[in-house]
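# Sequence and predicted structure, then a few things I'm wondering about:
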There are 2 protein chains.
Amino acid sequence: MKWRKNLLEQVNSMEKVRPFSHALDRLRDAGLRPTRQRLALAKLLFDECDRHITAEQLHSEALAGNIRVSLATVYNTLHQFTTAGLLREIVVDAGRSYFDTNTTCHHHFFDESTGVLSDVPDGQLEVSGIPTPPEGAQVESVDVVVRIRAAS
Amino acid sequence: MKWRKNLLEQVNSMEKVRPFSHALDRLRDAGLRPTRQRLALAKLLFDECDRHITAEQLHSEALAGNIRVSLATVYNTLHQFTTAGLLREIVVDAGRSYFDTNTTCHHHFFDESTGVLSDVPDGQLEVSGIPTPPEGAQVESVDVVVRIRAAS
DNA sequence: TTTGATGCAAATTATTTGCATAAGA
DNA sequence: TCTTATGCAAATAATTTGCATCAAA
């Protein structure tokens, strides 16, 4: 049927009305099939710049935006995005994973009272003398977490 | 009954045979009642120096040493020790907590292939320019994790 | 013997997996 | 239509909590 275009065409025509090319391009470039859920989650993640979010938070946002998606799918999608290099997983809290839309090398503040994760502005913090790892291992990354707390 | 001494006396007499004063002193100083389980776990933790261990690992060691203790008690004890300042909790792996018997300020290697956590020797790694935290917050600590992996 | 801390079973929270199904070619 | 990848229910893993019990005084 004529009106039945493939998803790419649909999306291209929709882009004229509402610009979600950003999210779509990212999925395309990563070689991930742009399904409805993925596209919706990508939009939430990448339309604003520089987000730090947990699976639970993203799931809430999706539901609030009338996107029907299970928490498991949110987890799976976040991990797929991470594997594809679209996200970076940040470990700051035992028993909760945060995902960062900024995948470049940078460091974090973690507010232990509120659970809010934020970026340390570039150029403020320097790590020098990265140590020689034990025999036979290579350094993958050097992660710095500045733990903060509301002043008492 | 005469033979029924209190725990302190028992322990003092046993010390002549087997030296676990180290573990006992630590509990005493921290104001924690030296119960059988706590004393046994403290012995495992503090008799060797500088251990990095998960709850699961410590539980296994306890069972191997014929110490009947539940995993929940191991968790509770690890947290009590941490609150008392005897241990430091290290967050390196989403969904698993490590505890470090070295509570002084230092940094870590985390081997992502094996899950082994180890200390970065003092003096090799320097962090400079600790950034100003967001308004109203104060810095609690600056944690550096050097993630390593077996060379491919 | 009394009392309050303790230790564990059961509950909770966070995350992963297997497989029926829907989506794209 | 025909796969193959997808999304979710159910399972698993990690950790916490409430309360009966035990140990110290």
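Perfect, I can see it now. Residues are numbered from 1 along each chain as shown, chains lettered A, B, ... in the order given.

# contacts, neighbours, all on C-alpha from now
Will do.

# Just the C-alphas of the lengthiest strand in chain A, formatted as PDB.
Of all the elements of type strand in chain A, the one with the most residues (DSSP state E) is strand A:137-150. Extracted in PDB, the C-alpha atoms of strand A:137-150 (Å, rounded to 0.1, in the frame of the first residue of the first chain):
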ATOM      1  CA  ALA A 137      46.900  -5.600  33.100                       C
ATOM      2  CA  GLN A 138      46.200  -2.400  31.200                       C
ATOM      3  CA  VAL A 139      44.400   0.700  32.400                       C
ATOM      4  CA  GLU A 140      40.900   1.100  31.000                       C
ATOM      5  CA  SER A 141      39.900   4.300  32.700                       C
ATOM      6  CA  VAL A 142      40.500   6.500  35.700                       C
ATOM      7  CA  ASP A 143      37.300   7.600  37.400                       C
ATOM      8  CA  VAL A 144      37.200  10.300  40.100                       C
ATOM      9  CA  VAL A 145      34.100  10.700  42.300                       C
ATOM     10  CA  VAL A 146      34.000  13.800  44.500                       C
ATOM     11  CA  ARG A 147      31.500  12.800  47.200                       C
ATOM     12  CA  ILE A 148      29.700  15.800  48.600                       C
ATOM     13  CA  ARG A 149      27.000  16.400  51.200                       C
ATOM     14  CA  ALA A 150      24.800  19.300  52.300                       C
END
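
# Now do the buried residues in that strand.
If you call a residue buried by 16 or more other C-alpha atoms under 10 Å in any protein chain shown, then strand A:137-150 has these buried ones: A:A137, A:Q138, A:V139, A:V142, A:D143, A:V144, A:V145, A:V146, A:R147, A:I148, A:R149, A:A150.

# what about the helix ranked longest in chain A, near chain B?
Under DSSP state H, the helix in chain A containing the largest number of residues is helix A:71-83. No - Helix A:71-83 lies out of reach of chain B by C-alpha under 8 Å from any C-alpha of the partner chain, never closer than 12.8 Å.

# just to revisit the earlier point, could the buried residues of strand A:137-150 be laid out in a markdown table, adding pLDDT?
As requested, the buried residues of strand A:137-150 are exported to a markdown table (pLDDT from 0 to 100):
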| residue | pLDDT |
| --- | --- |
| A:A137 | 93 |
| A:Q138 | 93 |
| A:V139 | 95 |
| A:V142 | 96 |
| A:D143 | 96 |
| A:V144 | 97 |
| A:V145 | 97 |
| A:V146 | 97 |
| A:R147 | 96 |
| A:I148 | 96 |
| A:R149 | 92 |
| A:A150 | 87 |
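
# I'd like those laid out as a markdown table, including distance to DNA strand C.
A markdown table is the format used below for those (distance: C-alpha to the nearest atom of the strand, whole Å):
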| residue | distance to DNA strand C |
| --- | --- |
| A:A137 | 23 |
| A:Q138 | 23 |
| A:V139 | 22 |
| A:V142 | 21 |
| A:D143 | 18 |
| A:V144 | 19 |
| A:V145 | 17 |
| A:V146 | 20 |
| A:R147 | 19 |
| A:I148 | 20 |
| A:R149 | 19 |
| A:A150 | 21 |
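
# Strands along chain A, start to end?
Remark: strands assigned in chain A by DSSP E are A:52-54, A:88-93, A:96-100, A:108-111, A:117-119, A:126-128, A:137-150.

# Dump those strands to JSON lines, plus distance to A:T35.
Conversion of the strands of chain A to JSON lines gives the following (distance: least, C-alpha to C-alpha, whole Å):
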{"stretch": "strand A:52-54", "distance to A:T35": "21"}
{"stretch": "strand A:88-93", "distance to A:T35": "21"}
{"stretch": "strand A:96-100", "distance to A:T35": "21"}
{"stretch": "strand A:108-111", "distance to A:T35": "32"}
{"stretch": "strand A:117-119", "distance to A:T35": "29"}
{"stretch": "strand A:126-128", "distance to A:T35": "41"}
{"stretch": "strand A:137-150", "distance to A:T35": "32"}
